[in-house]
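Q: Build the 3D model from these lines:
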Amino acid sequence: MQGVLLDLAIPSRLEAMGTVQSRLDAALRQLGLDDDACHWIGLATHEAVVNAVVHGNRRDPGRLVEIRLACDGDDLVIRVADRGDGFDPAGVADPLLPENLLRPGGRGLLLMRALMDEVGHRPGTSGGTVATLRRRLGADPLGLDH
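A: Below you'll find the model as predicted:
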């Protein structure tokens, strides 16, 4: 299975998340994924897009966030690109450490890593950061398959 299922650019405004979610849900349904898979993939994607809007583009509506959902063999690949100053995931404090439990930050990245098979970040070709989320179709990283 190959091909782009969703290619979307939104202004860096949280109000645009409804559009992202509805378009993502429709694309995931095209793949025949069940409700649970759609929910978990949607949640991971939501976190990536919110991070791009809030942390990457600093809510600047003049800077776009690009979201692309594609199939690569048996993998679902989601790329979220911002136009911010860049991002180093190693600089994010572990939100599970006792000293960080009450501090904001890091939970979105933790969720993405828990819900997807692979999560990576790299500099974008024209600046910013590209987050890549990969999920093997039919896989359940939470072990919820029965």
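
Q: Select the longest helix from this structure.
A: In the chain, taking DSSP state H as the definition, the longest helix is helix 35-51.

Q: and the next element down the chain from that one?
A: strand 64-72 (DSSP states H and E).

Q: Tell me the helices and strands packed up against whichever helix or strand comes after that following strand.
A: Next along the chain after strand 64-72, taking DSSP H and E as the criterion, comes strand 75-81. Using 3 or more C-beta pairs under 8 Å, 6 or more residues apart in numbering; DSSP states H and E, the elements in contact with strand 75-81 are helix 35-51, strand 64-72, strand 129-136. Glycine gets a C-beta too; all of them are placed from N, C-alpha and C.

Q: List the buried residues in strand 75-81.
A: By 16 or more other C-beta atoms under 10 Å, the buried positions in strand 75-81 come out as 76-81.

Q: out of the helices and strands packed on strand 75-81, which comes closest to residue 85?
A: Nearest of the helices and strands packed on strand 75-81 to residue 85, taken as C-beta to C-beta: strand 129-136 at 8.7 Å.

Q: hmm, who's touching the closest one?
A: The contact list for strand 129-136 (C-beta atoms under 8 Å, 6 or more residues apart in numbering) reads 41, 44-45, 48, 51-52, 56, 72, 74-82, 84, 86-87, 112, 116-124, 141.
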